[in-house]
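*Asks:* starting from these lines, generate the structure:
(one chain, ligands or ions: 1)
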Amino acid sequence: TWTPDNFVDMTVADLKKKVGDGKVVLGLSGGVDSTVAAVLLNKAIGKNLYCIFVNNGLLRKNEFENVLKQYEGMGLNVKGVDASARFLEALKGVEDPELKRKAIGRVFIEVFDDEAHELKDVEWLGQGTIYPDVIESISVKGPSATIKSHHNVGGLPDFMKLKVVEPLNMLFKDEVRRVGASMGIDAELLGRHPFPGPGLGIRILGDITAEKVRMLQEVDHIFIEGLKSWGLYDKVWQAGAMLLPVNSVGVMGDERTYEKCVALRAVESTDGMTADWVHLPYDFLQKVSNDIINKVKGVNRVVYDISSKPPATIEWE
Ligand code: XMP
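*Replies:* Numbers count the residues shown, from 1 in each chain. Next up is the predicted model:
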């Protein structure tokens, strides 16, 4: 019978045999899959696993620093690379959602390739690909897909010529979480909501600027921390905020304001393919809305997205 403990024992033994003294490079995203894959590989080959965690500048507030510390605390051999400026530069003036994804994917690959070149004699590319990614490998929108879609762009970056090792490619998400738990990975990390590879880049509708990123990080932080403190976070499959490209009129004191509107979204789902909006308590929405408008300069209106998927997607872009 399949148990997480058996899986870990078998996989670690297999990885030892397969990889031997070889070096593996792996991109960590802060998500469950890449983290569990890294911890398994770390158990098998230790310091021969080189993890790279790229800050694309589109992560949640304080996420890069916090998650990097967590990774270090788990004993992973990890290098944090802050490439925020490079991503922002590549996104300047880009409004189309698919072009944004392409730009973010392209810069990620450039940054990762640069880092991989710094390492000598790497033979393997580790990936946190899980079974549903394998099935959907043509259309899937995960980090591995970012890499796959790059196939169209011409020559392969060097790291893609490496042999691939994907210890989770037979597992479903819930099994990955159980494997992670059996290896002692923090429950909070394992319970994190899915977060898209392009991050806040596809939650800022229209063009992206550093100021808009900062604004949305504050809004998102208030919403997510609110969900946690009200005990709602684990009841929701995914949640986040969108910064809309419209200003609307408001009043503050005697003054008329003309400022940004944000949309909050929280959905229930099992796989992201279909989703229902969550009936969050009105008291909670009221509190969060007040906090956002009082604390985030430049935002004067908050709306809640009550659309289900299909036909609406989870992300707005
Ligand atoms: P949609 O918006 O298509 O999202 O309903 C379904 C799930 O996929 C995530 N998503 C992405 N993940 N790169 C990713 O890694 C992407 O470009 C991307 N677009 C959407 C979304 O957050 C949701 O979990």
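*Asks:* contacts, neighbours, all on C-alpha from now
*Replies:* Fine.
*Asks:* how is this protein partitioned into domains?
*Replies:* Using automatic domain parsing, the domain ranges for the chain come out as 4-190, 203-304.
*Asks:* closest to the ligand out of those domains?
*Replies:* domain 4-190 (3.6 Å; C-alpha to the nearest ligand atom).
*Asks:* how far off centre is that closest one?
*Replies:* Domain 4-190 sits 11 Å away from the centroid of its parent chain (C-alpha atoms, centre = their mean, to the nearest Å).
*Asks:* quick one: end-to-end length of that domain, please.
*Replies:* One end of domain 4-190 to the other measures 14 Å (C-alpha to C-alpha, to the nearest Å).
*Asks:* pLDDT weak spots in this structure?
*Replies:* Counting by pLDDT under 70, the chain contains low-confidence residues at 137-155.
*Asks:* one more pass at 80, please.
*Replies:* Scanning the chain for pLDDT under 80 picks out 136-156.
*Asks:* where exactly do the strands run in it?
*Replies:* In the chain, the strands defined using DSSP state E lie at 23-28, 49-55, 78-82, 122-126, 163-165, 238-252, 255-268, 276-277, 299-304.
*Asks:* got the contact list for the longest one?
*Replies:* To tie it back to what came earlier, the one meant is strand 238-252. For strand 238-252, contacts defined as C-alpha atoms under 8 Å, 6 or more residues apart in numbering pick out 193-195, 203-206, 212, 216, 219-220, 223-224, 256-268, 300-301, 316.
*Asks:* now the residues you listed: which count as buried?
*Replies:* With neighbours counted by 16 or more other C-alpha atoms under 10 Å, those contain buried members at 193, 195, 203-206, 212, 216, 219-220, 223-224, 257-258, 260-268, 300-301, 316.
*Asks:* what subset of the residues you listed is also close to the ligand?
*Replies:* F195 (C-alpha under 6 Å from any ligand atom).
*Asks:* quick one, helices of the stretch 151-300 of the chain?
*Replies:* Secondary structure of the stretch 151-300 of the chain (DSSP state H, counting those that start in this stretch): helices at 173-182, 187-190, 210-229, 282-295.
*Asks:* make JSON lines from those and add distance to K61 to it.
*Replies:* Putting the helices of the stretch 151-300 of the chain into JSON lines (distance: least, C-alpha to C-alpha, whole Å) gives the following:
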{"stretch": "helix 173-182", "distance to K61": "24"}
{"stretch": "helix 187-190", "distance to K61": "16"}
{"stretch": "helix 210-229", "distance to K61": "5"}
{"stretch": "helix 282-295", "distance to K61": "14"}
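*Asks:* which one of the ones you listed lies nearest to V94?
*Replies:* Of all the helices of the stretch 151-300 of the chain, helix 210-229 sits nearest to V94, with 13.4 Å by C-alpha to C-alpha.
*Asks:* alpha carbons of the closest one, as PDB, please.
*Replies:* What follows is helix 210-229, C-alpha atoms only, in PDB (Å, rounded to 0.1, in the frame of the first residue of the first chain):
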ATOM      1  CA  ALA A 210       6.800  49.500  -9.200                       C
ATOM      2  CA  GLU A 211       4.300  51.700  -7.500                       C
ATOM      3  CA  LYS A 212       1.300  49.500  -8.600                       C
ATOM      4  CA  VAL A 213       3.200  46.400  -7.400                       C
ATOM      5  CA  ARG A 214       3.700  48.100  -4.000                       C
ATOM      6  CA  MET A 215       0.100  49.100  -3.800                       C
ATOM      7  CA  LEU A 216      -1.300  45.700  -4.700                       C
ATOM      8  CA  GLN A 217       1.200  44.000  -2.200                       C
ATOM      9  CA  GLU A 218      -0.300  46.100   0.600                       C
ATOM     10  CA  VAL A 219      -3.900  45.300  -0.500                       C
ATOM     11  CA  ASP A 220      -3.200  41.600  -0.900                       C
ATOM     12  CA  HIS A 221      -1.400  41.500   2.500                       C
ATOM     13  CA  ILE A 222      -4.400  43.000   4.300                       C
ATOM     14  CA  PHE A 223      -6.800  40.500   2.600                       C
ATOM     15  CA  ILE A 224      -4.700  37.400   3.200                       C
ATOM     16  CA  GLU A 225      -3.700  38.200   6.700                       C
ATOM     17  CA  GLY A 226      -7.400  39.000   7.400                       C
ATOM     18  CA  LEU A 227      -8.400  35.600   6.100                       C
ATOM     19  CA  LYS A 228      -5.800  34.000   8.400                       C
ATOM     20  CA  SER A 229      -6.800  35.900  11.500                       C
END
